[in-house]
Each structure stands twice: as structure tokens, then as C-alpha cells.
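A.B. asks: Structure of the sequence below:
(chains A and B)
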Amino acid sequence: MSKRYVLPGDLIVEGNPHLKPLANVIRIGDRLHATRIGIVEISQNSVKVIPLSGIYVPRVGDLVIGKVIDYSAMAWEVDINSCFLGHLPAQDVFGKEFSPGRDDLTKRFNIGDVIACRILNFDRTRDPLLTVADKDLGKISEGEVVKISPTKVPRLIGKRGSMIQMIEQLTRCRIVVGQNGVLVVTGVNKDAVHVAVKAIRMVEEGAHTVNLTERVKEMLQGVQVGR
Amino acid sequence: MSRLMSEEGIRIDGRRWNELRPVRIEVGVLKNADGSSYIEFGKNKIVVAVYGPKEVHPKHMALPDRSVLRCRYHMLPFSVEERKNPAPSRREIEISKITREALEPALILEDYPRTVIDVFIEVLQSDGGSRCAGITAASVALADAGINMRDLVAACAAGKVGGRIVLDINDEEDKMGEADMPVAYLPNLKQVSLLQLDGKLTADEYRECLNLAISGCMQVYSIQREALMRKYFATDKRGGDEGGGGEEE
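C.D. replies: Numbering: from 1, shown residues only, chains lettered A, B, ... in the order given. As a prediction, this is how the structure comes out:
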């Protein structure tokens, strides 16, 4: 599969009615055009562009890390680093028997709390609906929050998690990666977290270069030898 | 022959009738903006910052089916020879409006309902044709911000100076020439999104002038492309181990 770089408006394919435009591709007449700066991926019956810049747009099923910024009697509002605010209903945490009179929302999550959640539903007409009802979801009580560009998240994870696992193993840190570009790093000590953050920044800056895994590995091993 | 055009057809700044001023574009010059660009278009120096899509405040301004595009064209007090009052003038309000209308057809605003996209165009130093330079830079900054777009927007003016139709009017030619026609163009969709005309042209001159302006837009477009390509694909070594793409499990 060849890699082609495109800018918004660039013609990708002309006169092939069987190709379906997927992410960041639009059909104008019988032509498919890119709508973002990115790399074209053409498969047998569809075309998509992997974007290289831009904000996070929620997708159902994504794990995101957000910060509680407000609450009402029935729900929390969560900043998920997007143009839409996450909406976490109180029933999701307290169960069906939730009563706004009896249950106090701040007992579970207060303003300023960082939480890991999943996008349960989103259709752009309403704010994304979040859930914390799953294992590994919920309040994050310790760790360092790191923000990277959401478009670099797939690169940080790597193929089948190769990159992130390598960083985790070599720094003995745990890294929770939100698809919205927010990460939480927890480690045995400050130095370990510092090194992991350095590796993450290295991946972010060199996301478009080859042999990145090798170079990050070298850097991490060099640091460990020195310690 | 007038002062603006010599016998040999050389213009006041040494250009021929169909030549652009030197254009240079840089992408991603501001760290705190979601997208940004800097353009030098002749003596014009303009910085553009794009913020968004983001939540709308006040909330009643939000549209349920698409994003709101807000543009501000502003000239800094030191951008002209005599200090300019920084308050938005009648001219700046007009240019803000036509900039928004020139950019709107290129953006897919339906992709971001209930949000706003802010575009700030700050003119550091002005020469003729700053609205075209502003639109050109704004479109690059919007692409840098990663907002879905149908096409880029390239803008360039043409006009009539010393009895001849010429490309890319500069400040002196604008003030003393016979006509000035700024045009913004969507190069892939082949659509004109801005067309103004200050001055008088015959029907034939009008057609010639429009075609010349569009050819200027295509030259500007290639400079925009080059700037974006340089920023995003400079190392040109993408691919390799994990690929730039997904983590498909």
C-alpha cells in the first residue's frame, strides 16, 4: 500500500463509484477529495485520510481521560479536551436507584477530579455521553497528567501497543492513554515518571519519522544505564 | 506613460504586468493557537491565529446544525505610516466580513455543530492587497488547525494601472491606479469566493482582469501547498515501523 500525503481539497481518486469515502474524505461529483492534512489509505472499497493535525472529536467506544469541571443535580460535566463537553449522568455511578435528594454527587467525583471514562454515545447533536461503569474506569487518584496532540495517540500506542508497552516496561511506569490526547503516568518514583514523559514527548515530536521505537528504546536504555 | 508604468511595461516596483510580489508563508508559528500561519506578501506582514472548534460563549450564539465562523481582521497601530487607532474601523469591519464569507464555502462547518471557530488576522505591516494576503494565510492556518475543509482558499488581486491590466496591485498602484480587483479562489473546486472591484473596467477588461487574478491565485496556491508540505512532510520518511496510522488490533 502506497502512502500519499494530501492537503485539504486534494483530489484522491476520480471516477470510481465503488470506493466509499470514509474519515476525512468527501465526494464531490465523481471525485473524492481529502478534507484534512494527512496520509491517504486506500483499501479495496474505501478511502480514508489519517489526519496529522486537529482537535479530538469523540467516537463511541473511545477511552478518554477528562476533568470534572461542573456538576448539577443529575450529572457531571467533564472536560474531555474536545470542542464538546462530556456528560456523565449520575445514574451511571449510583445506579437506577439514584435520587437527587438522597445522593450527593460530590461524594463520588468533585470538581477538579481527573477521571477515566468511555464514550457511550455520541452523534454530534448532543454532548457525548460518558460512562465509568467498567473495570479500569473511574477516578484517577495519582499520577502525572500529560497532554499530547490527539492525532499522535495512535503513534504513541504503536502497532498492537508495541510503543507504549516498551515505554512502560523500560521505565516501570503505568501509562493510561486517553484517545483524546490526555495521558496519566504513574511510576515507582519521580525520576521514572520524568523519563516516561520524556519518551512520550519524543514520540510526539518524532511521530512522522521511521525507526522511532528503536530510538526511544535507545534513549530509555541509556538513561537506565546511567542510574 | 504614467509614473506607475514605464515605456517598457515595468511597474513602479520593477515587476512586469503578470508578476506577483515575493510571497513567503510559514505554518504553525504560534504555539498557543490551534492553528497559525505567517505570511509576507510583498511588504505585507500578517500573522493569523485559529482557535477551535470550541464551545460557544455566549451559548445562544451557537447554531444547532453547524459551527459558527468568526473572523477578525485587524491592523496594528504601527502597521501603517501614521499611527492607526487600534479600535476596529469601518474598513476593518468590512474586511472581517468579506474574509468570513470568502472562507466559509471552503470549510465543512456542518461537521462541528454547536461550536465556534475563531480566526484572528493581525496585520503587522501593511501594503496593498492585505485582505488577499489575510485570506490566504487564514486558509493555511485553518488547515493547520485540522478543521475539515473542502478546499484551501487562495487570494490575489489584479487591477488596471497606467491603462494596463496587471497582477497583484501594491499600495501605490492601489492608491493611484485605475482599478483594483481582489479575488479569492478555491483552486480544486474552481469556485470564486470573493470578488470585489474598486474602479472602472470595460466588460472585456473585467474578464481579462478576473482571469489574471485567478491565475495569480493559482500561483499563491502553489506557495500555500509548499508551505504546508514543508511543515508536515518535511522529513519525508513517514511509513516505516509502526506507520503513522492506527493501532488496529
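
A.B. asks: Please give the element, helix or strand, for the spatially most central residue of chain A.
C.D. replies: Central residue of chain A (C-alpha atoms, centre = their mean): residue A:179, 1.1 Å from the mean position. Using DSSP states H and E, residue A:179 is not contained in any helix or strand.

A.B. asks: which helices and strands does the biggest helix by length in chain B pack with?
C.D. replies: Across chain B, the helix with the greatest residue count (assigned by DSSP state H) is helix B:203-233. Packed against helix B:203-233 by the contact rule (3 or more C-beta pairs under 8 Å, 6 or more residues apart in numbering or on different chains; DSSP states H and E) you find strand A:4-6, strand B:23-27, helix B:130-144, strand B:154-161, strand B:164-167, strand B:179-186, strand B:191-195. (C-beta placed from N, C-alpha, C; glycine too.)

A.B. asks: give me that answer again for 7 Å
C.D. replies: Applying 3 or more C-beta pairs under 7 Å, 6 or more residues apart in numbering or on different chains; DSSP states H and E, one finds that helix B:203-233 makes contact with strand B:23-27, helix B:130-144, strand B:154-161, strand B:164-167, strand B:179-186.

A.B. asks: So which of those is the most surrounded?
C.D. replies: Compared across those, helix B:130-144 shows the largest average neighbour count, a mean of 29 (mean count of other C-beta atoms under 10 Å in any protein chain shown).

A.B. asks: Direction-wise, compare that one with strand B:23-27 and give the angle.
C.D. replies: If you take axes from the mean of the first three to the mean of the last three C-alpha atoms, to 10 degrees, helix B:130-144 sits at 30 degrees to strand B:23-27.

A.B. asks: and the residue nearest to the centre of chain A, what is it in contact with?
C.D. replies: For residue A:179, the contact set (C-beta atoms under 7 Å, 6 or more residues apart in numbering or on different chains) comprises A:62-64, A:153.

A.B. asks: For residue A:53, which non-adjacent residue is spatially closest?
C.D. replies: Spatial nearest neighbour of residue A:53, excluding adjacent residues (C-beta to C-beta, 6 or more residues apart in numbering or on different chains): residue B:146 at 3.7 Å.

A.B. asks: Next, the buried residues of the lowest-mean-pLDDT helix or strand in chain B.
C.D. replies: The helix or strand of chain B with the poorest confidence is helix B:171-176; it has a mean of 92 (mean pLDDT, DSSP states H and E). Judged by neighbour count using 16 or more other C-beta atoms under 10 Å in any protein chain shown, the buried positions of helix B:171-176 are B:171-174.

A.B. asks: Now flag whichever of these is closest to chain A.
C.D. replies: In terms of C-beta to the nearest C-beta, no member of the buried residues of helix B:171-176 lies closer to chain A than residue B:174, at 29.3 Å.

A.B. asks: check contacts around that closest one.
C.D. replies: B:128, B:180.

A.B. asks: Residue A:128 now?
C.D. replies: Residues near residue A:128 by C-beta under 7 Å, 6+ apart: A:58, A:84, A:86-87, A:119, A:122.

A.B. asks: Looking at those, state which has the most neighbours.
C.D. replies: residue A:86 (28 neighbours; other C-beta atoms under 10 Å in any protein chain shown).

A.B. asks: Does that one touch residue A:70 like I think?
C.D. replies: No: counting by C-beta atoms under 7 Å, residue A:86 does not reach residue A:70; the two are 11.0 Å apart.

A.B. asks: For the chain, which residues score under the pLDDT cut-off?
C.D. replies: I went with chain A, as the question did not name one. Where chain A drops to pLDDT under 70, the residues are A:1-2, A:224-227.

A.B. asks: Let me rephrase: I mean chain B.
C.D. replies: Along chain B, the model assigns pLDDT under 70 to residues B:1-2, B:235-249.

A.B. asks: so which residue of it comes closest to chain A?
C.D. replies: Closest point on chain B to chain A, by C-beta to the nearest C-beta, is residue B:146, at 2.2 Å.

A.B. asks: quick one: that residue from residue A:56, how far?
C.D. replies: 10 Å (C-beta to C-beta, to the nearest Å).

A.B. asks: Between those two, tell me which one has more neighbours.
C.D. replies: residue B:146 (26 against 21).

A.B. asks: Can you tell me, leaving aside adjacent residues, what's nearest to residue 126?
C.D. replies: If you meant another chain, say so; for now it's chain A. residue A:87 is the one closest to residue A:126 (C-beta to C-beta, 6+ apart), at 7.7 Å.

A.B. asks: I was thinking of chain B, sorry if that wasn't clear
C.D. replies: Per C-beta to C-beta, 6+ apart, closest to residue B:126 is residue B:79, 4.7 Å.

A.B. asks: Spit out the contact partners of that neighbour.
C.D. replies: B:123-126.

A.B. asks: quick revisit: roughly how far does the residue nearest to the centre of chain A sit from chain B?
C.D. replies: Separation of residue A:179 from chain B (C-beta to the nearest C-beta, to the nearest Å) stands at 10 Å.

A.B. asks: What is the burial count for the residue nearest to that residue when sequence neighbours are not counted?
C.D. replies: In space, and not counting its chain neighbours, residue A:179 is closest to residue A:62: 4.0 Å by C-beta to C-beta, 6+ apart. Neighbour count for residue A:62, taken as other C-beta under 10 Å: 18.
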